[in-house]
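> predicted model and sequence follow; I will ask about them next.
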Amino acid sequence: MTDSSVPPGGHRSGRGPRRKPDRPHRSGPPRGRSGPQRPPSGDPAREAALDTLRAVREDDAYANLTLPKLLRERRVSGRDAALATDLAYGASRARGLLDAVLGACVDRPLDRLDGVVLDALRLGAQQLLRTRIPAHAAVGATVELVRSRAGSKPTGFVNAVLRKVSEHDEAGWVARLAPDGDDDPVGHLAFAHAHPRWIAEVFARALGSRGEEELGAALAADDSRPAVHLAARPGEISAEELAAVTGGDEAPYSPYGVLLTEGGDPGDLEPVREGLAVVQDEGSQLVAVAAASAPLEGRDEHWLDLCAGPGGKAVMLGALAAIEGATVDAVDRAPHRAALVEKACSGLPVRVHTGDARTIALPEAAYDRVLVDAPCTGLGALRRRPEARWRRQPEGVDELTTLQRELLTNGIERTRPGGVVTYATCSPHPAETVEVVRAVAEATGAEILDTAALMPQVPGAAAEGGPGVQLWPHRHGTDAMYCATLRVPG
Ligand SMILES: C[S@@+](CC[C@H](N)C(=O)[O-])C[C@H]1O[C@@H](n2cnc3c(N)ncnc32)[C@H](O)[C@@H]1O
């Protein structure tokens, strides 16, 4: 079970949430939407969560962008903000599981329900099944939310459905509704950990021989909120100093990583405001460090980051290049993302270029080091985008793998003989990882290096069934990043 934290003194008292009388508050549908204005429910957390679910459902919005904006606009903070976040992100992540339970409690297809009622039922079911909020508080608060947004008419229906949901806990519903674990272990685990089956199948393939043992842990870790890591800027501050200043812990694998142990907005931390550190998953740090340190004979001055936006790895590469006396060319096709790289790399020896990496006018066979951090399905970073797992479709994978092969081939063509190329994705999908690297190495004659040897401090890093390193949330606490290094024949 995840997202089960109830804010201190929160809603376990059984008395439903109370609004502080002096808190400035704006309620009702998001700005710019018309519709009957009803009195607010006096529950800013659930109102913000409901409006977030609506924006995700109707406008294809991202929950992790919508909710913080709503909370800021409405000046919702503290416990209310924490509860809104738990509910909106939790219900977005668990949508498939919640809908299966609701489907068993409602006598018509869910898509025939009024949208607000469906969103509210999802929020109610999330509270009942995946938080420690007492059932009567969860049902009562959801009914009041519906009354304030849709009037009294649907309240009896919502009350009755949620009472049926509350007849079993999450494990009880999984036992009733999930595929049988003996006949269909992957389907069972996918249901129990609220993942679409196709994603669970991809994880199982990527885990290879360890799939049977580890798939449940992998899906459970993917169903929880990620820890926040900082990357100390090389040459400016050490991880040890950064940990001391921020109160975090030095991260286990990245020489520049710090694991934050306190909540709060990391953007408010002084070293982050001063540009001495950035928020960056430890897995991404390891990829950038591997790209900058893969063994190389001869000149080591010209580096290239072919898919650089928004610039997380380019900052690390730029800072390491500054120490080595090298320079970095950073490319991105999207002008707004190239602009973000420019901003992030200010003061570093990084030149930013906007254009398609496959055709941009940059030298051939000239770079000593190249990073190809390819666009991908993002299946390794699902923890960061609560609704993403239900939005992604397997059909998009082929188009991406074609682009990935072209980009890696181009990266190899731009590398001098004897130079090194690092290929990375934030996806563990074998079609995007080991299969791309194998196919391109075969076609170009590039030599695949032992990438796991570049990260001796990371246990169990070698990818299953192919070259490269595959990191995992359940093993390493990182995103499920993949990377492989190749040497261009001399
Ligand atoms: C996974 S992201 C890179 C993340 C980045 N390296 C970082 O650490 O912040 C992939 C990037 O590739 C860019 N991209 C996609 N197709 C491209 C192409 N044909 N040429 C150059 N950039 C491309 C996308 O705009 C996106 O910014």
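Sure thing, it's come through.
> how near is the spatially closest residue to residue 280 that is not a sequence neighbour to residue 275?
Closest residue to residue 280 apart from its sequence neighbours, by C-beta to C-beta, 6 or more residues apart in numbering: residue 231 at 4.2 Å. To be clear about C-beta, it is placed using only N, CA and C from the backbone, and glycine gets the same treatment. For residue 231, the distance to residue 275 (C-beta to C-beta, to the nearest Å) stands at 12 Å.
> same check, this time on residue 325
From residue 325 to residue 275 the distance is 21 Å (C-beta to C-beta).
> who has more neighbours out of these two?
Under the neighbour definition other C-beta atoms under 10 Å, residue 325 and residue 275 were set side by side, and residue 275 has more, 13 against 9.
> sorry, back to before: that's a strand at the residue nearest to residue 280, yeah?
Yes: counting by DSSP: H, G, I helix; E, B strand; the rest coil, residue 231 is located in a strand.
> ok so residue 149 is a helix residue?
Yes: the assignment for residue 149 by three-state DSSP puts it in a helix.
> tell me, how many residues neighbour it?
Around residue 149 there are 25 other residues, counting by other C-beta under 10 Å.
> so what's the predicted local confidence for it?
Model confidence at residue 149, given as pLDDT, is 95.
> how about the nearest residue in space to it that is not next to it in sequence, what does it touch?
Once flanking residues are discounted, residue 149 sits nearest to residue 116: 5.2 Å by C-beta to C-beta, 6+ apart. By C-beta atoms under 8 Å, 6 or more residues apart in numbering, the contact set of residue 116 is 50, 54, 146, 149-150.
> kindly recompute the last result at 7 Å.
Residues in contact with residue 116 (C-beta atoms under 7 Å, 6 or more residues apart in numbering) are 54, 149-150.
> how about residue 426?
376, 378, 380-381, 479, 481.
> kindly report the same for residue 307.
Contacts of residue 307 by C-beta under 7 Å, 6+ apart are 332, 357, 372-375, 407.
> using TSV, lay out those together with neighbour count and secondary structure.
TSV is the format used below for those (neighbours: other C-beta atoms under 10 Å; DSSP: H, G, I helix; E, B strand; the rest coil):
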residue	neighbour count	secondary structure
332	27	strand
357	24	coil
372	28	strand
373	25	strand
374	26	coil
375	17	coil
407	22	helix
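> check those one by one and keep those near the ligand.
By C-beta under 6 Å from any ligand atom, the members of those lying near the ligand are 332, 357, 373, 375.
> state the pLDDT value of the closest residue to the first one other than its chain neighbours.
Think residue 332. Excluding its sequence neighbours, the residue lying closest to residue 332 (C-beta to C-beta, 6+ apart) is residue 309, at 3.6 Å. Note for residue 309: predicted pLDDT of 97.
> and whichever residue of the stretch 151-300 of the chain sits closest to the ligand, helix, strand or coil?
Relative to the ligand, the nearest point of the stretch 151-300 of the chain is residue 284 (5.8 Å; C-beta to the nearest ligand atom). Per three-state DSSP, the secondary structure class of residue 284 is helix.
> what is the burial count for it?
Neighbours of residue 284 under the rule other C-beta under 10 Å: 25.
> how about the one 5 residues further on?
Number of residues near residue 289 (other C-beta under 10 Å) recorded here: 24.
> okay, and it sits in which element?
helix 282-293 (DSSP states H and E).
> thinking again about what came up before, make a markdown table from the contacts of residue 426 and add pLDDT to it.
As requested, the contacts of residue 426 are exported to a markdown table (pLDDT from 0 to 100):
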| residue | pLDDT |
| --- | --- |
| 376 | 97 |
| 378 | 96 |
| 380 | 98 |
| 381 | 96 |
| 479 | 98 |
| 481 | 98 |
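> scan these and report the most crowded one.
residue 380 (29 neighbours).
> can you get me a residue count around the residue lying closest to it once chain neighbours are set aside?
Leaving aside its sequence neighbours, residue 380 sits nearest to residue 480 (C-beta to C-beta, 6+ apart; 3.1 Å). The number of residues packed near residue 480 is 29, by other C-beta under 10 Å.
> am I right that residue 480 falls within a helix?
No: per three-state DSSP, residue 480 lies outside any helix segment and is coil.
> cheers, nothing more for now.
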